[in-house]
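In: return atomic coordinates for the entry below.
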Amino acid sequence: MPVLPSCLLEPLWDQFAALLPQHVDTHPLGCHNPRIPDRVVFEHVIAALVHGSGYERIATARCSDRTIRRRVTYWAQLGIAEQVHALALEAYDRVIGLFLDELSVDGCITKAPSGGEKAGRSPVDRGKQGLKRSVASDGRGIPLGIVSAGANRHDSPLLGPTLEAAKSQVGRLPERVNVNLDRGYDSAKSRAMLDELGFTGEIARKGVPAPIQAGKRWVVERTHSWMNAYGKLRRCTEKSGKTVDFYLHLAAALVTLRMLIRRATTLYRWDTRPTTRRLK
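Out: Numbers count the residues shown, from 1 in each chain. Below you'll find the model as predicted:
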C-alpha cells in the first residue's frame, strides 16, 4: 500500500527524476548485481520520511537498507531535495500565487536521539539530543526557507539565515516585506537584522500574554504542525547534516505540493483531480 496518494507521489517523482544525473556504470568487469532503479529507492525513502522508521525496517527484497542509505547520501550531496522544493514553490506561485508581503518565522524543536552534526542538548527534553528547525513561511503558511541547527540554539540568531534561505528558494521578494515574529525574537539584534535586510517587523513583546498579541504568525506554527506529520522529522536519526536538510526540504516540497493541489481543486479542473481534500 503506498504511503502517499498518487496525486502527490507522481508529480514529486517526475521533478525529482528530472534532476537526477544519468548513472554511468564504471564497474571494470560489468558482472555485479544490477543496479536498483531510482524509482524503487525513492519509494522506500518516502516511506522512511512518512513513517520515520529505520532503513532496516522499511527494506524489502527489492531494495536493501544499505542501498537506501547510500542513495540518500548521494542525493543529499547533490542537493536534489532543495531543488525540488524550489520547483514546488515556483509551481505554487505560478498557479496560486505566494503571499510574500507577510512572512512569519519561528523555530521548532524535535528529537534527535542519535545525535549528529545538527544535534544539540534540548532545553525542553531533559537535555537529550534534539534538532531545531527554523522555518520562514509566506502569509498562508507555505514553507519558504528552512535552516537546521542544534536544539540548544536560540531562535534569534537563526532569523537572518532563515530569511536568506527564503530569499534563495523564492528568487525574489517584494520591496515591502513585513516579518511576524514571537517574543523569542524581541531583541535589538533581531530588529537590526530586519533593518539591514530592508524588512519591517511585527514582534511580540516580552511580558505580554500571547493571546493579546497573537498577530499573523500563527501560520508558521501551522506549517510546523504539517511538517511534524512526517515521522522522520519528529524523530530524526540521521547524523549527517546534509541528510537532515534533505529530509527537511523533501517534507517542505510535499507540504507545498499538497497545498497547491488543495487550492487548485477549487479553481481548476483536470482529469486526475483528487475527489477529496484530505490528501493523506
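In: which residues of the stretch 101-250 of the chain score low on pLDDT?
Out: Residues of the stretch 101-250 of the chain meeting the criterion pLDDT under 70: 209-215.
In: quick one, strands of it?
Out: 102-111, 120-121, 129-137, 143-150, 178-181, 200-203 (DSSP state E, counting those that start in this stretch).
In: so which of those gets nearest residue 261?
Out: Comparing those by their distance to residue 261 (C-beta to C-beta), the top pick is strand 143-150, with 15.7 Å. Yep, even glycine has a C-beta here, placed from its N, CA and C like the rest.
In: if we can go back for a sec, so which of the strands of the stretch 101-250 of the chain is the most surrounded?
Out: Stretch with highest mean neighbour count among these: strand 129-137 (a mean of 26; mean count of other C-beta atoms under 10 Å).
In: any idea how far that strand is from the chain center?
Out: Distance of strand 129-137 from its chain centroid, counting by C-alpha atoms, centre = their mean, to the nearest Å, is 10 Å.
In: give me the helices and strands touching that strand, please.
Out: Here strand 129-137 touches strand 102-111, strand 120-121, strand 143-150, helix 159-170, helix 218-227, helix 241-264, going by 3 or more C-beta pairs under 8 Å, 6 or more residues apart in numbering; DSSP states H and E.
In: sorry, back to before: could the strands of the stretch 101-250 of the chain go into TSV alongside distance to residue 259?
Out: Shown next, in TSV, are the strands of the stretch 101-250 of the chain (distance: least, C-beta to C-beta, whole Å):
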stretch	distance to residue 259
strand 102-111	15
strand 120-121	31
strand 129-137	11
strand 143-150	10
strand 178-181	19
strand 200-203	23
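In: and these: which comes nearest residue 51?
Out: strand 102-111 (15.0 Å).
In: using CSV, write out every CA atom in that closest one.
Out: Backbone C-alpha positions of strand 102-111 (Å, rounded to 0.1, in the frame of the first residue of the first chain) are rendered in CSV as follows:
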residue,chain,number,x,y,z
GLU,A,102,3.7,38.9,5.0
LEU,A,103,6.4,36.4,6.2
SER,A,104,6.4,34.5,9.5
VAL,A,105,9.4,32.9,11.1
ASP,A,106,9.5,30.5,14.0
GLY,A,107,11.6,27.6,15.3
CYS,A,108,10.5,24.1,16.3
ILE,A,109,12.4,21.6,18.5
THR,A,110,12.2,17.9,17.7
LYS,A,111,14.0,14.7,18.8
